[in-house]
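Okay, structure incoming, though there's no sequence with it:
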């Protein structure tokens, strides 16, 4: 080869070689999440989805990019790909699930889903409004093992009377957490974790639980805010490590607890759980509270959580005090209901629920004030034990006795 | 296109056409015309991906339609020996094409790319090199009107613009295939082959080409063409997979692998061949 030709070919190969080496180098610099996936479609989804959604729905891209999922290499399609039994649709070259459920999350978080299904947040939450009709026999049987009578039950009468619109937009806004999905799964994890944040921090925020656990019938968020735990969190919460791994959480991360710390986290050797019923010893929501079937084990678990920060003596005293409020409230509700039962037996109240003004007072008695007193006792809310609880219980008991006198002064057949 | 004017007006029609067809400047005009025409479909398909979300995405479609019609008219005028009119029309289309190409480049980089200039945002931006196809076609039109086709420089300019195309092909095949992280090893083929073309045409521009280098150049162009056809086959193949056409051919074309993209290798091989042919023919002049 003549020298001129050789020089040209040498230049050509040098340029070509440099370009190819540069291309390999750039590819090697890319994060593994952008290159290591089991399918070409998954790799593509890593950035392709964001290229449109950054413009069309920017908040979800922003939330996703702040999520732990990004650090772990989870991409859009990992969550949005259809699972067995899910409807799908074609979207810009990708096949996506029409709506996501707990089934999508449980691809990776199977244990969390397994725990959740055993909690009252699962089927019992939905059945509390809709009854058992939306569940399969298998789902009912499964839930009844853990919460007898909580799913095999009729639809809530009050919710039925309030009407479909109030039920769908109101009741179900919270009770959706246990909604049966067409794919056979139950619930949606995003109720607590956020749709695209998939955040432990968000689920650990008291306000997240307070989305539903608020108001007169279960005033947990208000009680928490009044409690010393809540005040400490309000004052120092900005300094807490709210992202700490639930399994490795210590008091250094969160010197005072939020709801999730006591009810779910693994602090002090406790196993992390998504079964929020796991550390509860009483059915506080019931008109007359009873001990749960696994009362001792559940109480021991919660006391262990308390003992991370408090002495065992303090914890035991606290429990004794709270249980005395429960027993006293039970007695008050029983006394009240005895009068109600007598009035009904005497014909002064009809058997039809919620057709007379007095019946709303009866409902409020245990559903609002009875529960409030009991929750206040267990969560460190003295004002809720007293003014929002026992004061009302006393006042309304006096009112009922007066009302009973008045009703009995008339012939019920009139 | 001054070669065409050398033919006398009383030459028989068939002979006139044959002479014109074999002239490299005429072939270059046909190359530009066919590319502009094809861009109508190509750009329409590409911008259908996001349903023409931005109004500016219609500009290259309308320009390709108008440019094809006007340039076709100019070529016809040239054939009719109305060279003056053809020259000005070609210049106008050429400048407009460059403008469209540069504007497209800026739009394709998108605001969020500038917000975070990262490898990721580059990979998943709209293909920013692609609109430069318009600029390249515009430059070819200007070249054909501003440079004497009999001079040795004409072929060098064509080769230089082909080099620009090969650089674009390199960037596009690298970035497009980076989107699925070169999931199939075959996706590296166009990167390597286009790098080879960049290297060879770079050397041809940097140094006066020898006969041997030009022959190697033809070989590289054959490789380009073969890569284009192979790529076309590989990009079309998924359409024949079971269920691929469930949502219709149009959706499969819009959201699948870009079926026409590999044909750019064939297209640029033809342009490169035109440049090499001219350099080959004028080898003695270049050497001197």
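Yep, that arrived. Keep in mind it's a predicted model, so treat the numbers as computed, not measured.

What count of nearby residues applies to the residue in chain A positioned nearest to chain B?
When scored by CB to the nearest CB, chain A has residue A:93 as its residue closest to chain B, at 2.8 Å. Any C-beta I mention is one placed from the backbone N, CA and C, and that applies to glycine too. Counted with other CB atoms under 10 Å in any protein chain shown, the neighbours of residue A:93 add up to 17.

So the helix or strand of chain A with the lowest mean pLDDT, near chain B or not?
Lowest on mean pLDDT, DSSP states H and E among the helices and strands of chain A sits helix A:32-35, with a mean of 81. Yes - Helix A:32-35 reaches chain B (CB under 8 Å from any CB of the partner chain) through A:34-35.

Show me what that helix is packed up against.
helix A:40-56 (3 or more CB pairs under 8 Å, 6 or more residues apart in numbering or on different chains; DSSP states H and E).

hmm, who's touching the helix it packs on?
Residues outside helix A:40-56 that contact it (CB atoms under 8 Å, 6 or more residues apart in numbering or on different chains) are A:33-37, A:60-61, A:64-65, A:75-78, A:92, A:94, B:50, B:53, B:112, B:120, B:123-126, B:179-181, B:183-184.

Residue numbers of the stretch 51-200 of chain B in contact with chain A?
Residues of the stretch 51-200 of chain B lying near chain A (CB under 8 Å from any CB): B:53, B:112, B:119-120, B:123-126, B:170, B:174, B:178-184, B:191-192, B:195-196, B:198-200.

mind showing which ranges of the chain have poor pLDDT?
Just so you know, I chose chain A. A:1 (pLDDT under 70).

um, chain B though
B:1-14, B:16-21, B:111-112, B:284-288.

Check the burial of the closest residue to chain A within it by counting its neighbours.
Closest residue of chain B to chain A, CB to the nearest CB: residue B:255 (2.8 Å). For residue B:255, the neighbour count with other CB under 10 Å is 16.

Quick check on the residue lying closest to it once chain neighbours are set aside: phi, psi?
Of all residues not flanking residue B:255 in the chain, residue A:93 sits nearest, at 2.8 Å (CB to CB, 6 or more residues apart in numbering or on different chains). Main-chain dihedrals, residue A:93, degrees, to the nearest 10: phi 90, psi 0.

State the distance from residue A:93 to residue A:107.
Residue A:93 is 22 Å from residue A:107, where distance means CB to CB, to the nearest Å.

Get me the contact residues on the stretch 151-300 of chain A for chain B.
Checking the stretch 151-300 of chain A against chain B by CB under 8 Å from any CB, there are no hits.

Distance from the strand or helix carrying residue A:166 to the middle of the chain?
Element membership for residue A:166 (DSSP states H and E) is helix A:164-166. Relative to the centre of its chain, helix A:164-166 is centred 23 Å away, using CA atoms, centre = their mean, to the nearest Å.

again with stretch A:271-279
Using CA atoms, centre = their mean, the offset of stretch A:271-279 from its chain centre is 11 Å.

Also stretch A:340-359?
36 Å.

buried set for it?
In terms of neighbour count (16 or more other CB atoms under 10 Å in any protein chain shown), stretch A:340-359 has its buried residues at A:340, A:343, A:348-349, A:358-359.

okay, now the closest residue to residue A:354 other than its chain neighbours: neighbour count?
Of all residues not flanking residue A:354 in the chain, residue A:161 sits nearest, at 5.6 Å (CB to CB, 6+ apart). Neighbourhood size, residue A:161 [other CB under 10 Å]: 12.

Over to residue A:161. Which of the three states is it?
helix (DSSP: H, G, I helix; E, B strand; the rest coil).

With adjacent residues omitted, what lies nearest to residue B:182?
Residue B:182's closest residue in space is residue B:188 (CB to CB, 6+ apart), at 6.0 Å.

Pretty sure that neighbour sits against residue B:178.
No - Residue B:188 is beyond contact range of residue B:178, at 10.8 Å (criterion: CB atoms under 8 Å).

out of those two, which sits in the busier spot?
Comparing residue B:188 with residue B:178 by other CB under 10 Å, the one with more neighbours is residue B:178, at 24 against 17.

where's the more buried one relative to residue B:171, distance?
10 Å.

again with residue A:391
Distance from residue A:391 to residue B:171, by CB to CB: 76 Å.

Check residue A:40 too.
Taken as CB to CB, the span from residue A:40 to residue B:171 is 21 Å.

Any idea how far the helix or strand where residue B:198 lies is from the middle of the chain?
Following DSSP H and E, one finds residue B:198 within helix B:189-206. Between the centre of helix B:189-206 and the centre of its chain there are 15 Å (CA atoms, centre = their mean).

Please spell out which residues along that helix are buried.
B:189-204.

Tell me where the stretch 1-150 of chain A has helices.
With DSSP state H, counting those that start in this stretch, the ranges of helices along the stretch 1-150 of chain A come out as A:3-29, A:32-35, A:40-56, A:58-65, A:68-72, A:76-80, A:102-105, A:110-117, A:123-130, A:137-146.

Could you dump those into JSON lines with distance to residue A:181 added?
Below are those laid out as JSON lines (distance: least, CB to CB, whole Å):
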{"stretch": "helix A:3-29", "distance to residue A:181": "40"}
{"stretch": "helix A:32-35", "distance to residue A:181": "28"}
{"stretch": "helix A:40-56", "distance to residue A:181": "23"}
{"stretch": "helix A:58-65", "distance to residue A:181": "21"}
{"stretch": "helix A:68-72", "distance to residue A:181": "21"}
{"stretch": "helix A:76-80", "distance to residue A:181": "15"}
{"stretch": "helix A:102-105", "distance to residue A:181": "7"}
{"stretch": "helix A:110-117", "distance to residue A:181": "12"}
{"stretch": "helix A:123-130", "distance to residue A:181": "10"}
{"stretch": "helix A:137-146", "distance to residue A:181": "11"}
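
Could you export those helices as a markdown table, including mean neighbour count and distance to residue A:219?
Shown next, in a markdown table, are the helices of the stretch 1-150 of chain A (neighbours: other CB atoms under 10 Å in any protein chain shown; distance: least, CB to CB, whole Å):
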| stretch | mean neighbour count | distance to residue A:219 |
| --- | --- | --- |
| helix A:3-29 | 16 | 54 |
| helix A:32-35 | 16 | 43 |
| helix A:40-56 | 20 | 39 |
| helix A:58-65 | 16 | 30 |
| helix A:68-72 | 14 | 31 |
| helix A:76-80 | 20 | 34 |
| helix A:102-105 | 23 | 28 |
| helix A:110-117 | 18 | 24 |
| helix A:123-130 | 24 | 17 |
| helix A:137-146 | 15 | 26 |
